[in-house]
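Enquirer: heads up, no residue letters with this:
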């Protein structure tokens, strides 16, 4: 169960509640986030929920049988919306587009991509400065110096930044320069990293693991939420299967299932989902009709010359056309 405490709950009322929940043979975990304070009870004994709901200091109480509780839609019916400031919001009812190169390469590249995004009304730029690569000989990013340069250009253009964090030590040094931390597929079950991201007050986008299940993705989000950070987004980016005709197998089913199971925004990554440049648009549009709240994809002024993932990166012309179609499809979906 989840017990949401009143804002002005006293220490005595809180302690009495904890003891009452324990008396029902439930383990109690206290969770304080940027938004509220909760008691998370885990157990299986049946009881009259009014025993808790009528207690002093309780704002709301819900039964949640899922192993992931705080990210479950069973207790928070209203979907979560996340503000990045300056009118940029992510969540149900609006289409969030996040676009940029796989890897940040140079100031010229940053300038060109930023200009492309501004011209198309896109206010969130993605890009990697610390890159987890399968080969140790591949380009592994420009690091913190590149992030500082990118941040300066983005801020000047009114653009928000989302970038991957790979290590607990990187969280603090990245903090002043980004707006959203991204947890990549290889780190979805890096629980030390998830715990640490629970202690920051910036949004986090969590990608599904390379061979991860939907429940494992939700459990990863639960780690961060239980650590104190409610500003979370879930990202479906395809999973590894026996199929070899595409980079990954995009799980379109995951979009409506995640929307049903969780109150968190659901973002689609068609670039990694299929890994083939000329099919990225089709997957993006399909995921919007499936209910995605946003799309994150890779764009470069010259994909053939990109330092990484050029085979799944669209160029500026393709990107502009894709943005136009995504907005049309989203408007169609909302009008159904």
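Expert: Nice, thanks for sending it over. Bear in mind that the values here come from a model prediction, so they are computed numbers and not experimental data.
Enquirer: CA only for contacts and neighbour counts going forward, please
Expert: Fine.
Enquirer: can you pull the buried residues of the helix or strand bottoming out on mean pLDDT in the chain?
Expert: In the chain, the helix or strand scored least confidently by mean pLDDT, DSSP states H and E is helix 50-53, which has a mean of 92. Neighbour counts over helix 50-53 (16 or more other C-alpha atoms under 10 Å) mark 52-53 as buried.
Enquirer: which is the next helix or strand following that helix?
Expert: strand 58-62 (DSSP states H and E).
Enquirer: contact partners of that following strand?
Expert: By C-alpha atoms under 8 Å, 6 or more residues apart in numbering, the residues outside strand 58-62 that reach it are 1-6, 9, 49, 52-53, 74-75.
Enquirer: The least confident helix or strand of the chain - contacts with which helices or strands?
Expert: helix 11-23, strand 58-62 (3 or more C-alpha pairs under 8 Å, 6 or more residues apart in numbering; DSSP states H and E).
Enquirer: hmm, back to that, among the contacts of strand 58-62, which ones are in strands?
Expert: With strands taken from DSSP state E, the overlap with these comprises 2-5.
Enquirer: burial count for residue 169?
Expert: For residue 169, the count of nearby residues is 11 (other C-alpha atoms under 10 Å).
Enquirer: again but with residue 222, I slipped
Expert: Residue 222: 24 neighbours (other C-alpha under 10 Å).
Enquirer: cool, and residue 2?
Expert: Neighbours around residue 2, by other C-alpha under 10 Å: 20.
Enquirer: Repeat that for the one 5 residues further on.
Expert: In terms of burial, residue 7 registers 12 neighbours under the definition other C-alpha under 10 Å.
Enquirer: wouldn't it be in contact with residue 36 here?
Expert: Yes - between residue 7 and residue 36 a contact is recorded at 7.1 Å, counting by C-alpha atoms under 8 Å.
Enquirer: what do the two both touch?
Expert: With C-alpha under 8 Å, 6+ apart as the test, residue 7 and residue 36 reach no residue in common.
Enquirer: Tell me who's in contact with the nearest residue in space to residue 180 that is not next to it in sequence.
Expert: Take residue 180 and drop its neighbours on the chain: the residue closest to it by C-alpha to C-alpha, 6 or more residues apart in numbering is residue 162, 4.5 Å away. For residue 162, the contact set (C-alpha under 8 Å, 6+ apart) comprises 124-127, 178-182.
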